[in-house]
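Enquirer: Predicted model follows, preceded by the sequence.
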Amino acid sequence: MSSSLITNLHTLFVLLEVMKNGDEASKINRCLIERERRRHMKSLFSELSAVLPPQPIKLSVPELVDQATEYVKHLQKKLEQYEQMKVQLEEKRGSAKANYAMRSRIIIPPVVNIRDLGSNLEVHLITGLNMEFALSDFISILQEEGAEIISATCHHAGDRAIYTILSQAIYPRIGIATSNVHERLHSLICA
């Protein structure tokens, strides 16, 4: 049998004896109640000690209560700091969203720059992120004018997109009609 079971059985037998004797019963009953109260308090202090940061030495009950009070105050201050940080971050996030929404409403007119490199043609298109035409239209115009696409890249810089299309003439002797390409691309972005 375990020691706690033996103690509980002993307490039960004592209670039965006390009930037989009357006056002594109330005295023993008070003792048992007090013993149970102390055991319960000890259990609560153990739980309190377990939730506090580890201590190098064992604390007395008053020191443990003081330590718990200070720790709770410390946690309250940290909670207030975190709540302030949360509010600041939400404000920053809100202003960033507002700035983005405002920038996305601004229509940036597209700019086309064409460089004739002999049998190669390099087209740079700078536009806003809200481009109202398809990049495939640019590629189709280049192909219709006798160019084969070698590479196409896209870079984003803030609220702008920069497209670079490098092409070469399908038939080098004929070349690419740069003036026709320039005219058609401008009519596409101005439409």
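Expert: Cool, the structure landed. Computed from a prediction, not measured in an experiment: that's the story for all the values here.

Enquirer: which residue ranges form the helices in the protein?
Expert: Taking DSSP state H to define them, one finds helices in the chain at 3-21, 23-51, 61-105, 135-144, 178-190.

Enquirer: Extract the residue ranges of the protein that are flagged as low pLDDT.
Expert: Applying pLDDT under 70 to the chain picks out residues 1-25, 97-107, 131-133, 172-173, 175, 191.

Enquirer: Looking at the helices of the chain, spot the one closest to residue 161.
Expert: Smallest distance to residue 161 across those (CB to CB): 9.4 Å, for helix 135-144. C-beta coordinates here come from the backbone N, C-alpha and C atoms, glycine included.

Enquirer: got a list of contacts for that closest one?
Expert: 121, 123, 125, 149, 152, 154, 163, 165, 167, 176, 181, 184-185, 188 (CB atoms under 8 Å, 6 or more residues apart in numbering).

Enquirer: Okay, buried residues for it please.
Expert: Using 16 or more other CB atoms under 10 Å as the burial criterion, the residues of helix 135-144 that qualify are 138-139, 141-142.

Enquirer: Export those residues as CSV, with columns for distance to residue 159.
Expert: Output for these, formatted as CSV (distance: CB to CB, whole Å):
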residue, distance to residue 159
138, 20
139, 24
141, 26
142, 26
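
Enquirer: Taking the contacts of helix 135-144, tell me the two that lie furthest apart.
Expert: Within the contacts of helix 135-144, 154 and 176 form the most distant pair, 21.8 Å apart (CB to CB).

Enquirer: between those two, who's got more neighbours?
Expert: Remark: of residue 154 and residue 176, residue 176 carries more neighbours, 25 against 11, as counted by other CB atoms under 10 Å.

Enquirer: and the more buried one, what is it in contact with?
Expert: 116, 119, 121, 142, 145-147, 167, 169.

Enquirer: from those residues, which would you call buried?
Expert: 119, 121, 142, 145-147, 167, 169.

Enquirer: Just name the closest of the residues you listed to residue 49, please.
Expert: Nearest to residue 49 out of those is residue 167 (CB to CB; 76.3 Å).

Enquirer: Next one: the closest residue to the closest one other than its chain neighbours from residue 165, what distance?
Expert: In space, and not counting its chain neighbours, residue 167 is closest to residue 147: 3.8 Å by CB to CB, 6 or more residues apart in numbering. Using CB to CB, to the nearest Å, residue 147 is found at 9 Å from residue 165.

Enquirer: next one: residue 151
Expert: For residue 151, the distance to residue 165 (CB to CB) stands at 8 Å.

Enquirer: Looking at those two, which one has more neighbours?
Expert: Neighbours per residue, other CB under 10 Å: of residue 151 and residue 165, the larger number sits with residue 165, 21 against 9.
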